[in-house]
Structure formats: C-alpha cells, structure tokens
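Undergrad: coordinates only, sequence not included:
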C-alpha cells in the first residue's frame, strides 16, 4: 500500500470525510508492521484529526474523522446510538433469487479463530442487516446492504451465513470465492450523519470502484 491512496470527500473545521482504499487499516493494529493506517496518515496531513469509527482493512469507502474533541464526542455518540445511516455495495457468490430481505443473526468473536467472528444464537449480540439485489451475474450477485447494527465483520459473516460469501473475502469465503476477485468486494458507498456543529443532516457518497 503506497501512501495517500485515500481521497478527501469533504473537509471543514469540525470533520473530514474520506474515501478509504481497500487494504489500508483504519487505525493502527498491534505491532510495528500494522502501525501504518488511515488514522495515522490523515493525522499527519491534518493535525488533530482522530477516528470515530472503522472500516475493515479490506473494505473501501466512506469514513469520517473528527477534527476536534467536541466533534469527536458528538460523532461517536451518533454511531453508538445508531443515529447514522450507512449503505454498502457488495458482490456476493451465487445468484440470489429473492429481490430483498433481511438477515437477523446474532454475532460474537470466534475465539478459536481470531480475528474471525461467527453466528451464535445463544451468546451472540443482536445483528441485523438489510439487503437488496442491484444486479445478477452468471454466478454472483451485486447487493445493496444496510446494516442496522454495527458489529465487527457483520455484513461479511451474515452473507456467508446465508450461503453467499463476498467475493475476495480472505476470512469467510472458500478458496474458489476468494480467488474470484483481487480484493474484498465490499464498499461503503454512503454515510449519513448529523453535522456536529450545525445540526444539519448530511450525506456523503463514494462511488463503488467495482
């Protein structure tokens, strides 16, 4: 990953909205080899910027960072209280027959296979995802996805659980499906938040690169 592959979608004195590339961590991980990340790079270019939420390393798309403490508190609250609206695009293995639906399967960490997560109807936390077909191909389907909850790897695990893992997914897809794409085919295309200073409802869009 070369430096500065992200794009600035919006910037003001309170927040900065970016289009994160696939393959870049949102925040530093454990170990020196996982220090390079969107948060580090953006803070270098925009001192004071700090992360509010995360996208998986291999997921691309819209992500917002706060530029001051007050904005960070308010944006963090919006994510925690599920007051943000998010939409993703994915290309999943197999042809999905129905036009739309929801997946309501509780999730938890898979302690035997970190960093994976798994469905657990007894110990898992509530997780709800809505999906809608955008296009069907010979052996895959383009989906619009709206997560109502924000569990780690939620969309990836939910689609795997219904038999349609995401193409290129190194954690949840079988080898053939992993090899069907050169990246995880999951992109955060839209994010809607309430501006922490003005109170205006604003929506940001990063067109899908696939």
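TA: Cool, the structure landed. Note that the structure is a prediction, hence the values are computed from the model and not measured.
Undergrad: make it CA atoms for all contacts and neighbour counts henceforth
TA: Noted.
Undergrad: for the residue lying closest to residue 110 once chain neighbours are set aside, give me its contacts.
TA: Leaving aside its sequence neighbours, residue 110 sits nearest to residue 117 (CA to CA, 6 or more residues apart in numbering; 4.6 Å). The contact partners of residue 117, by CA atoms under 8 Å, 6 or more residues apart in numbering, come to 107-110, 152-153, 157.
Undergrad: try it again with 10 Å
TA: Shown in contact with residue 117 (CA atoms under 10 Å, 6 or more residues apart in numbering): 107-111, 124, 151-154, 156-157, 171-172.
Undergrad: what does residue 106 give?
TA: 118-128, 151, 154, 158.
Undergrad: most neighbours of all those, which one?
TA: residue 158 (25 neighbours; other CA atoms under 10 Å).
Undergrad: wasn't that one part of a helix?
TA: Yes - counting by DSSP: H, G, I helix; E, B strand; the rest coil, residue 158 falls inside a helix.
Undergrad: residue contacts, it?
TA: Residue 158 touches 102-107, 118-119, 127-129, 164-166, 172, counting by CA under 10 Å, 6+ apart.
Undergrad: in strands, which of those residues fall?
TA: 102-104, 107, 118-119, 128-129 (DSSP state E).
Undergrad: export the contacts of residue 106 to CSV and tack on pLDDT and distance to residue 197?
TA: Formatted as CSV, those follow (pLDDT from 0 to 100; distance: CA to CA, whole Å):
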residue, pLDDT, distance to residue 197
118, 98, 38
119, 98, 38
120, 98, 40
121, 96, 40
122, 97, 41
123, 97, 39
124, 98, 36
125, 98, 32
126, 97, 31
127, 98, 30
128, 98, 30
151, 95, 27
154, 98, 30
158, 98, 35
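Undergrad: average pLDDT across the longest helix belonging to the chain?
TA: Ordering each helix of the chain by length in residues (DSSP state H) puts helix 69-80 first. For helix 69-80, mean pLDDT rounds to 97.
Undergrad: same question for stretch 32-46.
TA: Stretch 32-46 comes out at a mean pLDDT of 92.
Undergrad: please name the nearest non-neighbouring residue to the residue nearest the centre of the chain.
TA: With distances taken as CA atoms, centre = their mean, residue 55 lies nearest the centre of the chain, 4.0 Å away. Counting by CA to CA, 6+ apart, residue 26 is the residue found nearest to residue 55 once chain neighbours are left out, at 6.0 Å.
Undergrad: quick one: neighbours of that neighbour, just the number.
TA: Residue 26 - counted by other CA under 10 Å - has 24 other residues nearby.
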